[in-house]
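Novice: Got a predicted model here, sequence first, then my questions.
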Amino acid sequence: MKHRTHWLPTLTLLLGALYCLIPVIWVVMAATKSRGELFTTFTFLPGTGFWENVAELTAYRDGAFWLWMLNSALYAGVGALLSAVVSAVSGYALAKFAFRGRGVIFTVILTGVLMPPITLAVPQYLLLAKAGMAGTYWSVLLPSILSPYGIYLARVYAQAALPDEVLEAARVDGARELRLFTSIAWPMMLPGLVTIFL
């Protein structure tokens, strides 16, 4: 009896996954259909208009869609990568170095975590416009690089995953701080940094 009940949560999760994937499957199948096939054929069967749809999409505003796709990849990929790096360095410093004002800085970061991002949209725009960056790639990348939540997660992860003894042993062996971070701290923090990146 106990062995049979193990299937119930798995079945429930599979049904939930199927429920979430049905719209994705529908969108993929709809992309392969011509306008005539979209509402006249079975929903989950592929159509014959995929290449015509791609050609029409490419012709739209002289290929602006592909520029939009590249911009999205740049903002999401490069922005997330830079944010993960800045969060890693900041979180590591807050977790492993004792310096004056560390508690105040962490309190300000926690305040940033609690503040909804939309409240900063207008001040950030005004600041970037005054700096002459409005309408540039930097106006989107810079606000996403400094993530209070990412710094908070990196600090918590560095405190938990980096034993002070390991760092002290590396210092005794002659490792400088940059080498200590790149060779010891970064690899040990990598699982947490993947979460911050995502």
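Specialist: Received, thanks.
Novice: next structured bit after the helix or strand of the chain with the lowest mean pLDDT?
Specialist: Scoring the helices and strands of the chain by mean pLDDT, DSSP states H and E places helix 2-5 at the bottom, with a mean of 60. Where DSSP states H and E defines the elements, the next helix or strand beyond helix 2-5 is helix 7-31.
Novice: Work out the gap between the next helix or strand along the chain from that following helix and the centre of the chain.
Specialist: Moving toward the C-terminus from helix 7-31, the next helix or strand (DSSP H and E) is helix 35-38. Offset of helix 35-38 from its chain centre (C-alpha atoms, centre = their mean, to the nearest Å): 36 Å.
Novice: and what of stretch 174-193?
Specialist: Put simply, stretch 174-193 sits 21 Å off its chain's centre (C-alpha atoms, centre = their mean).
Novice: With stretch 190-198 instead?
Specialist: 9 Å.
Novice: What lies in contact with that stretch?
Specialist: Contacts of stretch 190-198 with the rest of the structure, by C-beta atoms under 8 Å, 6 or more residues apart in numbering, involve 80-81, 83-84, 87-88, 147, 150, 153-154, 157-158, 161, 186. C-beta here means a position set from N, CA and C on the backbone, and glycine is covered the same way.
Novice: Any buried residues in it, and which?
Specialist: Residues of stretch 190-198 classed as buried by neighbour count (16 or more other C-beta atoms under 10 Å): G192, L193, I196, F197.
Novice: In helices only, show me those residues.
Specialist: G192, L193, I196, F197 (DSSP state H).
Novice: which one of those is nearest L127?
Specialist: L127 has its nearest neighbour among these in I196, at 24.4 Å by C-beta to C-beta.
Novice: Helices of the protein, start to end?
Specialist: Using DSSP H, the helices of the chain run over 2-5, 7-31, 35-38, 50-59, 64-73, 79-96, 102-114, 121-130, 137-145, 148-161, 164-172, 177-180, 186-197.
Novice: mind checking which of these is nearest F44?
Specialist: Closest approach to F44 among these is made by helix 7-31 (5.6 Å; C-beta to C-beta).
Novice: what angle do that closest one and helix 50-59 make?
Specialist: 70 degrees (axes from the mean of the first three to the mean of the last three C-alpha atoms, to 10 degrees).
Novice: Tell me the pLDDT of the spatially most central residue of the chain.
Specialist: For the chain, the residue sitting closest to the mean C-alpha position, by C-alpha atoms, centre = their mean, is L198 at 3.3 Å. In this prediction, L198 carries a pLDDT score of 90.
Novice: and what of A98?
Specialist: So, for A98, pLDDT stands at 88.
Novice: what's it sitting at in phi/psi?
Specialist: Dihedral pair for A98: phi -100, psi 120, per degrees, to the nearest 10.
Novice: Neighbours of the closest residue to R102 other than its chain neighbours, how many?
Specialist: Spatial nearest neighbour of R102, excluding adjacent residues (C-beta to C-beta, 6 or more residues apart in numbering): L94 at 6.2 Å. Neighbour count for L94, taken as other C-beta atoms under 10 Å: 21.
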